[in-house]
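Student: Pasting a predicted model and its sequence here:
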Amino acid sequence: MRNILIVGIGAGNPEHMTIQAINALNSADVLFIPTKGARKTELADVRREIVSRFVTNPNSRTVEFAVPERKTADRTYNQGVDQWHAAIAGIYEGLIGGELADNRTGAFLVWGDPMLYDSTIRIIERVKARDRVAFDYSVIAGITSLQALCAAHRIPLNLVGKPVEITTGRRLKESFPEKSETSVVMLDGQQAFSDINDPDAMIYWGAYLGTPAEITISGRLAEKSAEIAERRAKAREEMGWIMDIYLLRKGADFDEA
């Protein structure tokens with residue numbers, strides 16, 4: 001039976017690779033590298049560098065494949081994502097069935113960690129559910145952008161004895177700061193932090209974490225919100241894409257919950 005490895009490769013720095021991840025890549029016969037268009041060549045370049053630096057298996061080969069863009073017009077967010085995942089599942093099925101012989105191993109190099117706001121596992125499960133190509137799979141954890149963010153700002157993720165929420169920009173106002181004193185926000189194309197009006201809130205923001213283009217800004221949200229929005233827009237224009245994350249916090253260690 002074919003074997004698939006879903007390998008977390010870290011948040012952009014090749015040195016984020018774990019020994020387990022390196023060993024996994026070296027055990028694979030085929031390494032699958034996604035490309036996302038000319039404006040996001042850096043994402044594929046990091047994967048290529050990882051293969052070049054760490055893969056010593058002379059019998060392995062690399063297969064690159066294009067990832068379709070998610071369509072958003074005339075559909076809800078969930079509909080758009082569902083249809084997008086279905087399209088990618090079709091591509092994965094073709095790759096596994098067409099590029100991988102029986103009893104061979106293929107590896108997908110996944111940005112960050114496959115368990116945190118990444119859909120590779122879900123898509124692989126869709127392929128399995130179609131039951132057109134037989135395979136099993138394993139998942140190798142990676143360093144997340146959340147870990148890279150906290151390390152870059154030299155902050156602990158949580159306040160002492162208090163919980164942390166990981167959410168999206170669309171749902172931020174449902175929880176922060178009334179229900180959660182620490183909220184980590186991912187997938188925020190609308191800069192939802194701009195709508196939070198709390199003079200005591202702090203923000204720790206980062207973009208392109210782990211890469212040479214890394215940007216970090218921190219401070220009181222009321223004082224940094226406009227600066228972050230401006231810096232983010234400029235970076236997106238210059239790079240052609242943006243990958244950012246931020247942590248919002250209110251309160252301090254040993255405050256009463």
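Tutor: Perfect, thanks for sending it.

Student: any idea how far P163 is from E238?
Tutor: Relative to P163, E238 is positioned 37 Å away (CB to CB, to the nearest Å). C-beta here means a position set from N, CA and C on the backbone, and glycine is covered the same way.

Student: elements contacting the helix or strand bottoming out on mean pLDDT in the chain?
Tutor: Using mean pLDDT, DSSP states H and E, the weakest-scoring helix or strand in the chain turns out to be helix 41-54, at a mean of 92. Secondary-structure packing of helix 41-54 (3 or more CB pairs under 8 Å, 6 or more residues apart in numbering; DSSP states H and E): helix 19-26, strand 30-35, strand 61-66, strand 105-110.

Student: contacts for the last one?
Tutor: Residues from elsewhere that reach strand 105-110 (CB atoms under 8 Å, 6 or more residues apart in numbering): 2-9, 24-25, 27-34, 47, 50-51, 95-96, 99-100, 118, 120, 124, 142.

Student: Give me the mean pLDDT for whichever helix or strand comes after it.
Tutor: Per DSSP states H and E, the first helix or strand lying C-terminal to strand 105-110 is helix 120-130. Regarding helix 120-130, the rounded mean pLDDT is 97.

Student: With stretch 10-25 instead?
Tutor: On average, stretch 10-25 scores 96.

Student: before we move on, what about stretch 177-184?
Tutor: The model assigns stretch 177-184 a mean pLDDT of 93.

Student: Just the terminal-to-terminal distance for that stretch.
Tutor: 12 Å (CA to CA, to the nearest Å).

Student: just how off-centre is that stretch within its chain?
Tutor: 21 Å (CA atoms, centre = their mean, to the nearest Å).

Student: just to revisit the earlier point, who touches the least confident helix or strand of the chain?
Tutor: The contact list for helix 41-54 (CB under 8 Å, 6+ apart) reads 9, 12, 14, 17, 22, 25-26, 31, 33-36, 62, 64, 109, 111, 211, 213, 239.

Student: Filter those residues down to the buried ones.
Tutor: Buried residues within these, counting neighbours by 16 or more other CB atoms under 10 Å: 9, 12, 14, 17, 22, 25, 31, 33-35, 109, 111, 211, 239.

Student: List the residues that contact N26.
Tutor: By CB under 8 Å, 6+ apart, the neighbours of N26 are 54-57, 60.
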